[in-house]
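# Return a 3D structure for these sequence lines:
(one chain, ligands or ions: 1)
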Amino acid sequence: MKFTKKQIDRYSRQIILKKIGTVGQKKLLRSSVLIVGAGGLGSPVAIYLAALGIGNIGIIDKDVVETSNLSRQIIFSSNDVKKKKSLIAVNKLKKLNPDIQLKSFQKKLTIKNIDQIAKRFDVMVDGSDNFRTRFLINDYCLANKKILVSGAINRFDGQVYTFNFSKNESPCLRCFMPNMPINSDDNCETEGILGTLAGIVGSIQANEVIKEIVGIGDTLCGYILIIDALKLTFRKVKLNKRSDCFCYEKK
Ligand SMILES: [Zn+2]
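Model prediction:
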């Protein structure tokens, strides 16, 4: 593939980075990322990935925009309330970067449709708000050797983890959370969430996606990043593969 003049201009600040260059930018343009959830995390992830030239982006979300979303879901505006999230998000991103392919899925991700939707994507970004979806994405990415970058936010606390399942040594979500938590339906509706934390965690997720695709730096694969936005501490905790885990038996 050859860059157009416009592409060289648009991505010039990345292309001049030695670790990215034209080779890295081409990798980004050839890559495909599915963002699950166009919410607090999905908003910054989608904006950054579209802006910096991920060539194919899919966004799946079954919901419509609510007024209570606007404090952190920065891809939406007040006049988007009651409109379909995935469609609005894709339309905004098309304006941001007409150079990339975008696809919206206005539905819930389920065990029945996940393969049909996700098979064409190399990377999945989990910005969902419930454990059922988190486990579904984990198990799918594991079985299909995809890269998963997951984020979670609650009140003032955030977590990010990256699993590159093309590498045999990668642990999985079930290694540190073998069973779904009992309070698995708790989310920001009941617990509350600081808007800026979504931006911090989502930006770190986007940063992880870029490093995995270009193959630079150290990603969080094998670690969980624990963020306390009040104390402003970032702890990287090693995540070991458990010998009794589902992912261990699979390999
Ligand atoms: Zn595991």
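
# Quick one: list the elements packing against the longest helix along the chain.
Secondary structure of the chain read by DSSP state H shows that its longest helix is helix 195-214. In terms of contacts (3 or more CB pairs under 8 Å, 6 or more residues apart in numbering; DSSP states H and E), helix 195-214 is packed against helix 21-30, helix 42-51, strand 123-126, strand 147-154, strand 157-164, strand 223-228. From N, CA and C alone the C-beta is placed, and that goes for glycine too.

# can I get these in JSON lines with mean pLDDT?
Formatted as JSON lines, these follow (pLDDT from 0 to 100):
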{"stretch": "helix 21-30", "mean pLDDT": "98"}
{"stretch": "helix 42-51", "mean pLDDT": "98"}
{"stretch": "strand 123-126", "mean pLDDT": "98"}
{"stretch": "strand 147-154", "mean pLDDT": "96"}
{"stretch": "strand 157-164", "mean pLDDT": "96"}
{"stretch": "strand 223-228", "mean pLDDT": "96"}
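
# can you list these in TSV and add mean neighbour count?
What follows is those, written out as TSV (neighbours: other CB atoms under 10 Å):
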stretch	mean neighbour count
helix 21-30	17
helix 42-51	25
strand 123-126	26
strand 147-154	25
strand 157-164	23
strand 223-228	17
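
# Out of these, which is closest to Leu239?
Taking CB to CB, strand 223-228 is the member of those nearest to Leu239, at 5.3 Å.

# on contacts alone, who are the packing partners of the closest one?
strand 157-164, helix 195-214, strand 233-238.

# quick one: it to strand 233-238, angle?
Put simply, strand 223-228 runs at 160 degrees to strand 233-238, going by axes from the mean of the first three to the mean of the last three CA atoms, to 10 degrees.

# how far out from the middle of the chain is strand 223-228?
Computed by CA atoms, centre = their mean, to the nearest Å, the chain-centroid distance of strand 223-228 equals 15 Å.

# And for stretch 93-106?
16 Å.

# list the buried ones in it?
93, 97, 100, 102-106 (16 or more other CB atoms under 10 Å).

# same deal with stretch 202-220?
Going by neighbour count (16+ other CB under 10 Å), the buried part of stretch 202-220 is 202-214, 219-220.

# Touching it from outside, list them.
19-20, 24, 27-28, 31, 33, 40-45, 48-49, 52, 54, 122-123, 125, 127, 147, 149-151, 160-162, 164, 221, 225, 236 (CB atoms under 8 Å, 6 or more residues apart in numbering).

# Keep only the residues you listed that also lie close to the ion.
Here nothing survives when the contacts of stretch 202-220 are matched to the ion using CB under 5 Å from the ion.

# Can you name the residues of the chain that neighbour the ion?
For the chain, the contact set with the ion under CB under 5 Å from the ion comprises 172, 174-175, 245, 247.

# Make CSV from the helices and strands packed on strand 223-228 and add distance to Ser71 to it.
Formatted as CSV, the helices and strands packed on strand 223-228 follow (distance: least, CB to CB, whole Å):
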stretch, distance to Ser71
strand 157-164, 16
helix 195-214, 5
strand 233-238, 23
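
# Thought Leu109 was touching Ile117, still the case?
Yes. Counting by CB atoms under 8 Å, Leu109 is a contact partner of Ile117 at 6.8 Å.
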